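[1] Fold the following, please.
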Amino acid sequence: MVTRLILQTVIWLAAMGVLLFGAAGTLAWPAAWWYLIELGVLSLWLGLWLARHDPGLLAERLAPVMQAQQSRWDRFFMMGVTLVWCGWLIVMGLDAVRLRWSAPLPVWLVSLGSLGVFLCIFMCRFVFKANSYAAPVVKIQTSRGHKVIDTGPYAHIRHPMYSSALLLLVGTPLLLGSWWGLAFVPVMVIGIGWRAVREERVLAEQLDGYAEYMERVRFRFVPFIW
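    Numbering: from 1, shown residues only. Take a look at the predicted model:
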């Protein structure tokens, strides 16, 4: 399992590097190197923690993003996410380095972006500790005894994983120095919000107690906002 984790992480980072540096037209982009290193180290840290504390969840996290048990709409969503993510990286490489559409960001904003990436992965540890069913695809994990989770961060918001992802979406273009990348974030947030609503419909229909959980915990992403 650990070998698979390392292999998939390396392949994932290499693919991102090809898109970023290919679009930039140069390897001389320190921000992109730092971004990939930070993501790689933090992802391996989290994956190794899962390997020790919840190997079942790690297996789910390493599974393909297209699965037979998955809803059809979620398969299309994940395909769209993959395409949008790749296009997003290309735009940021063009913007920040090759074409320089954006003026250089101040150091404090770049540092804030790096902090956002760190907090995203760090917060995911608390999500995974509370929820052993936090798979990347929308499905009911009957074979693993899927049940409603209402402890940890789930006691305050219904989708803490998505809340963490928002930090990554904002932090990435700030760290890479791309205002154009940041301009795409609201559209991506709307997409995540749409998926959260559809996911809740599936869970309310198929998972015992989830409808009652939605009544107890009123907010999806941010307390007192939405």
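[2] Just checking, which helix or strand of this protein averages the lowest pLDDT?
    The weakest-scoring helix or strand in the chain, judged by mean pLDDT, DSSP states H and E, is helix 55-62 (a mean of 91).
[3] Show me what that helix is in contact with.
    Outside helix 55-62, the residues that touch it by CB atoms under 8 Å, 6 or more residues apart in numbering are 1, 4-5, 8, 47, 50-51, 128, 132-136, 141, 144. The C-beta positions use only the backbone N, C-alpha and C, and glycine is treated the same way.
[4] Please produce a ChimeraX select command covering the buried subset of those residues.
    Entered in ChimeraX, the line below selects the buried ones among the contacts of helix 55-62, by 16 or more other CB atoms under 10 Å:
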select :5,47,50,51,128,132,133,134,135,136,141
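[5] The closest residue to Val202 other than its chain neighbours - how many residues pack around it?
    Using CB to CB, 6 or more residues apart in numbering and skipping residues adjacent in sequence, the residue nearest Val202 is Val138, 5.7 Å away. The local packing of Val138 (other CB atoms under 10 Å) involves 22 other residues.
[6] Dihedrals phi and psi, Val138?
    phi -90, psi 110 (degrees, to the nearest 10).
[7] what's near enough to touch it?
    70-71, 74, 195, 198-199, 202 are the contacts of Val138 under CB under 8 Å, 6+ apart.
[8] and of these, the nearest to Trp85?
    Closest approach between these and Trp85, by CB to CB: Arg195, at 14.0 Å.
[9] Look up which helix or strand that closest one falls in, please.
    Taking DSSP states H and E as the definition, one finds Arg195 inside helix 185-206.
[10] same thing with Val110?
    Using DSSP H and E, Val110 falls in helix 107-130.
[11] Let me see the contact set for the residue positioned nearest the centre of the chain.
    Per CA atoms, centre = their mean, the C-alpha nearest to the average position across the chain is that of Ala165, at 4.5 Å. With contacts defined as CB under 8 Å, 6+ apart, Ala165 is in contact with 120, 192.
[12] Distance check, it against Met188.
    9 Å (CB to CB, to the nearest Å).
[13] what's the answer for Glu199, then?
    Computed as CB to CB, the Glu199 to Met188 distance reads 16 Å.
[14] Trp108 too?
    Relative to Met188, and taking CB to CB, Trp108 is found at 24 Å.
[15] who's more crowded, those two?
    More crowded of Trp108 and Met188, by other CB under 10 Å: Met188, with 17 against 9.
[16] right, and the more buried one touches Gly87 too?
    No. Applying CB atoms under 8 Å, one finds Met188 not in contact with Gly87, separated by 10.9 Å.
[17] Which residue is the nearest non-sequential neighbour of Leu168?
    Cys120 (4.0 Å).
[18] same check, this time on Ala204
    Take Ala204 and drop its neighbours on the chain: the residue closest to it by CB to CB, 6+ apart is Ala211, 4.5 Å away.
[19] residues near that neighbour, how many?
    That count, for Ala211 with other CB under 10 Å as the rule, works out to 13.
[20] Report the buried residues of the helix or strand hosting it.
    Assigned by DSSP H and E, Ala211 belongs to helix 210-216. The neighbour-count check on helix 210-216 (16+ other CB under 10 Å) flags 210, 213 as buried.
[21] So what's the model's average confidence on it?
    Averaging pLDDT along helix 210-216 gives 94.
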